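In: Let's see this in three dimensions:
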Amino acid sequence: MREMTRELESATWAVAEGRATGEQLALFQSEPDASLRMLQRLIDDTDDNLASVRGLTGEERDQVVADFEDELAKLIAIQNSLMPAPGLVAEHSVGEVIGEVRLQASWSDGRVVVWAAGPGTAGAGNDELADRLEAIGGPALGWTVCPSVLLPSGVRADALAIPVKEALGWLIAVAGGLGRAGVGQSVVWLGRVALEGVRLVAQGAVVPALRFDKRPQGRVVDAAVRWVPALVDDARLKPLTVSMPGPVAMMSTADARATTLSVLGAVVEAVVSEAAGRLELPAPPPSINNSLQLAEAFTTRLNGSPFVAPTVPASDLARRLGGWSGTVTSFSRPQLILQLDPPPPLILWGVDTPVPAGGPVLVSASNPVPLGQSVTLMVYGLSSASGVLPGAGTVWMNIGGAIYPVSSVTRVPADPNSTAPPPDLAYVSFVVPTTLVLDPAVSNPSVPVMVGTGTRLSGAYALFIAPALPPPPPPK
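Out: Purely as a prediction, here's the structure:
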């Protein structure tokens, strides 16, 4: 009996920390009542230990308290998933189904690393991994082969990596409920964090910073503008941190909070740097020798393109920017919110419709939409300040500078597995006009499209268009 109790305690900790093997997951799921009792005992013990260490003094006190708070949050999250509080739905399942292979994602150095495995199964090979990505509408380009992932069970799974900039549309689609067949909770979680990053950008909650690496001689640095999130609400961050599945951090030593902030920062940087790259700015200075030239380079390289700068002026500018933005990037900041009008909506992605037999496909340079075909956009922030979604008759499209009606406007269904407030997401469908004039010299033509309602108009979204086929030659 004592041996079984020790095994169940070990399995419970493994499940809470996201590193459970197939045997541990099976033991935890086989006796729900016993697992709940064990969870309650561990919660009580951890709560007592937390109260004790809060009385410590010394330099390590804060870190010890944070460790116990993290353990307690993980145990409570697992308890809520087994027995949610009244009126709440579990944020995520305790674990994947034993014997079922699912697509998982880990976070590593600003990249999304995907692999496929399940409790008690062998890891998927590269061919199966590619097939799974194609089946759910994953990105077609941008992948690189990376070292296989070592799973807690001791087996390895082949892995592919992609920069978050290339995976952003896919992750947002998963967060919106598309392409979840055979997808693990780690992918869904990354999608939710990506959506939170997009929300911050849509609200303008971003600030620039200067990041640099010193060269060996120390006189100059390799510098670049980076965009970082601001006004991050701890009330929105903590549910993401507590619910982070174990596979997300399998390739990192960072804790859940640091990992969540890392993903948020990468998403913000990806979205804003791409948008900044479309701005028409003066040419940057050819060389940088003083603070004035450094300031000019900073304001003309908002897209994150690298440049070489003297060490002393770069260090001074980075310090002054940090002091200027610290009031909005710190979690201990006072908050004053003044909003006169809702921010403009933001187009996240577009899929071609009607849906092909293989599922919806993101419109891209490799999958342009033909003239006269319907397109569905996912739009963030279309609702009014009171939360009312406008009807199709009050929403319009600006396509290449001309106004066109929309076919339908529908709200994206809320995620039934999330306790967070549903994001303001809507599907907007319209037909690509057959009268669009495309430049025949451009191999992958695109047109800027914007969604408008009332006095609000979204930013431009590049919609790739398939050129019309040339007319058949006249009969001889």
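In: With adjacent residues omitted, what lies nearest to residue 174?
Out: residue 191 (4.0 Å; C-beta to C-beta, 6 or more residues apart in numbering). The way it works is simple: take the backbone N, C-alpha and C, and place the C-beta from them, glycine included.
In: ok, and the helix or strand in this structure with the lowest average confidence?
Out: helix 61-82 (a mean of 74; mean pLDDT, DSSP states H and E).
In: on that earlier part again, check the gap between the residue nearest to residue 174 and residue 410 for me.
Out: 20 Å (C-beta to C-beta, to the nearest Å).
In: And these two? Which one has more around it.
Out: residue 191 (26 against 12; other C-beta atoms under 10 Å).
In: Can you name the residues that contact the residue nearest in space to the middle of the chain?
Out: In the chain, the residue lying closest to the centroid (C-alpha atoms, centre = their mean) is residue 194, at 1.7 Å. By C-beta atoms under 8 Å, 6 or more residues apart in numbering, the residues touching residue 194 are 164, 168, 171-172, 175, 263, 267.
In: what's the neighbour count on residue 44?
Out: Neighbours around residue 44, by other C-beta under 10 Å: 11.
In: now stretch 32-42: mean pLDDT?
Out: The average pLDDT for stretch 32-42 rounds to 83.
In: Identify each buried residue in that stretch, please.
Out: By 16 or more other C-beta atoms under 10 Å, the buried positions in stretch 32-42 come out as 35, 38-39, 42.
In: so of these, which ones are in helices?
Out: 35, 38-39, 42 (DSSP state H).
In: and those residues as JSON lines, adding distance to residue 233?
Out: Listed next are these as JSON lines, based on distance: C-beta to C-beta, whole Å:
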{"residue": "35", "distance to residue 233": "33"}
{"residue": "38", "distance to residue 233": "34"}
{"residue": "39", "distance to residue 233": "29"}
{"residue": "42", "distance to residue 233": "30"}
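In: secondary structure class for the closest residue to residue 415 other than its chain neighbours?
Out: Distance criterion C-beta to C-beta, 6+ apart; nearest residue to residue 415, sequence neighbours excluded, is residue 177 at 6.6 Å. Secondary structure for residue 177, judged by DSSP: H, G, I helix; E, B strand; the rest coil, is coil.
In: just residue 409 next, same as before
Out: Residue 409 is classified as strand under three-state DSSP.
In: And it, how far from residue 393?
Out: When residue 409 is compared with residue 393 (using C-beta to C-beta), they lie 9 Å apart.
In: Those two: which has the busier surroundings?
Out: residue 409 (21 against 9).
In: State the pLDDT value of that one.
Out: The model reports residue 409 with a pLDDT of 95.
In: Pull the contacting residues for it.
Out: 382, 389-392, 395, 426-429.
In: got it, and residue 186?
Out: 104-106, 245-248.
In: So residue 385 lies in a helix, does it not?
Out: No: according to three-state DSSP, the state of residue 385 is coil, so it is not within a helix.
In: residues touching the spatially closest residue to it that is not a sequence neighbour, list them.
Out: In this structure, residue 385 finds its nearest non-sequential neighbour in residue 342, 4.9 Å apart by C-beta to C-beta, 6+ apart. With contacts defined as C-beta under 8 Å, 6+ apart, the neighbours of residue 342 are 381, 383-385, 456.
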